[in-house]
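1. Need coordinates for the following:
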Amino acid sequence: MRVLIIEDEQKMADLIKRGLEEESMEVEVAYDGESGLEEGLKGKYDLFILDISLPGRDGLAVARALRDANLKAPIIMLTAHDTTEMKVRGLDSGADDYITKPFAFAELLARIRALQRRTEDVTKLQIDDLILDLISRRVTRGGNEVQLTGKEFTLLEFFMRHPNEILSREVLSEKVWNETFDALTNVIDVYINYLRNKVDRNYEPKLIQTVRGVGYLLKTP
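-> So this is what the prediction gives:
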């Protein structure tokens, strides 16, 4: 899980960062609203931990901007103001949960796990105008239905669950084909070309990118 902490109290931000990294999460920190929003808009995070009282641009404005950019990652708001009005304002701005300072780190972890369970129940994945429906197993791009084989669907689903993440052939072989990568076969490259022809060839922007000598990634515009 990739987490962005936007918190101007450096000691608290660094403590949260260290604790989450001990839970095997990838964590970045921004100490003001403007730089936090700029980093968040890169679209590579699975969770935002966002203080309300920030210099430059407050957390409510940051949350609204993230949602206006159609970023779906959950937002946990942090604040010292334990009032119903502030909670409502935080949730209305796009936050998914709210924690009042001071708090126990165990509580934060529990809230994160709850949000993970909630987001894992999602039935649709979307990157730009590419939509994958996990229930009907239907894929559309730009409103047009895309016909995929079972393996193509599984490969695309894996890409869409890991946007902006470079995926090596070894990882794809293990996670999509459930087998050890064989350097003598080009089956992965063949299926990548199949996907490109179906979801990218007639559309812009091109989503499936090659990272030469490393692997592939599905890039969020």
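2. Okay, now the unreliable bits of this protein?
-> Residue ranges of the chain with pLDDT under 70: 118-122, 181, 183-184.
3. the helices in it, which residues?
-> All helices of the chain, identified by DSSP state H, fall at 10-22, 33-40, 59-68, 84-92, 105-120, 150-161, 169-176, 187-195.
4. Save the ones you listed as CSV, and put in mean neighbour count too.
-> C-beta: built from backbone N, CA, C; applies to glycine. Shown next, in CSV, are the helices of the chain (neighbours: other Cβ atoms under 10 Å):
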stretch, mean neighbour count
helix 10-22, 14
helix 33-40, 19
helix 59-68, 20
helix 84-92, 14
helix 105-120, 13
helix 150-161, 18
helix 169-176, 16
helix 187-195, 16
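5. Is it possible to get JSON lines of the ones you listed that adds distance to T210?
-> Converted to JSON lines, the helices of the chain look like this (distance: least, Cβ to Cβ, whole Å):
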{"stretch": "helix 10-22", "distance to T210": "30"}
{"stretch": "helix 33-40", "distance to T210": "26"}
{"stretch": "helix 59-68", "distance to T210": "29"}
{"stretch": "helix 84-92", "distance to T210": "41"}
{"stretch": "helix 105-120", "distance to T210": "29"}
{"stretch": "helix 150-161", "distance to T210": "13"}
{"stretch": "helix 169-176", "distance to T210": "11"}
{"stretch": "helix 187-195", "distance to T210": "8"}
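6. and of those, who's closest to P221?
-> Among the helices of the chain, the nearest to P221 by Cβ to Cβ is helix 150-161 (13.6 Å).
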